[in-house]
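>>> Show me the folded form of this:
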Amino acid sequence: MNPASKTRFEIGFNLKGVRATGRLEAEKPECICSHMTKLSDIQEIDQEVIQWIRMAYNNVALSANRIGLLCKAFF
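Next up is the predicted model:
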């Protein structure tokens with residue numbers, strides 16, 4: 001989450017492989033996050049935004065689990 005202005009903030013997501021549509025915008029290739037959305041009101045955090053947050057969280061959890069399994073296999 002980043003404040004983008006006095007009236008708007010942005011949420012970045014790491015959702016590689018997900019197509020950017022509507023409010024879910026693609027980020028520049030050199031950015032840490034693959035996607036972002038701009039919000040200007042708390043009411044804009046709807047089920048769609050919550051779904052993106054969950055997807056990004058699950059992607060991190062899966063990656064961490066894979067890294068843990070690789071470490072156990074080699075160490």
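>>> in stretch 44-61, what counts as buried?
49, 52, 56, 59 (16 or more other Cβ atoms under 10 Å). For the C-beta atoms, the positions are set from N, CA and C on the backbone; glycine is no exception.
>>> Excluding covalently adjacent residues, which one is nearest to the first one?
Computed as Cβ to Cβ, 6 or more residues apart in numbering, the closest residue to residue 49 that is not its neighbour in sequence is residue 37, at 6.4 Å.
>>> Keeping just the C-alphas, turn the helix or strand containing that neighbour into CSV.
Using DSSP states H and E, the element containing residue 37 is strand 35-39. Taking Å, rounded to 0.1, in the frame of the first residue of the first chain, the C-alpha atoms of strand 35-39 are listed here in CSV:
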residue,chain,number,x,y,z
HIS,A,35,-0.2,-5.4,-10.7
MET,A,36,-1.8,-2.5,-8.8
THR,A,37,-5.1,-0.9,-8.2
LYS,A,38,-5.9,2.7,-7.2
LEU,A,39,-8.4,3.5,-4.5
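>>> Check which helices and strands it sits against.
The contact analysis (3 or more Cβ pairs under 8 Å, 6 or more residues apart in numbering; DSSP states H and E) places strand 35-39 against strand 9-13, strand 25-26, helix 47-74.
>>> Could you rerun that using 7 Å?
strand 9-13, strand 25-26 (3 or more Cβ pairs under 7 Å, 6 or more residues apart in numbering; DSSP states H and E).
>>> Can you tell me how far residue 18 is from residue 33?
12 Å (Cβ to Cβ, to the nearest Å).
>>> what pLDDT, on average, does the strand holding residue 37 get?
For strand 35-39, mean pLDDT is 95.
>>> Also stretch 15-31?
Computed over stretch 15-31, the average pLDDT equals 92.
>>> measure that stretch end to end?
End-to-end distance of stretch 15-31: 12 Å, with Cα to Cα, to the nearest Å as the criterion.
>>> Stretch 24-34 too?
Terminal residues of stretch 24-34 are spaced 10 Å apart (Cα to Cα).
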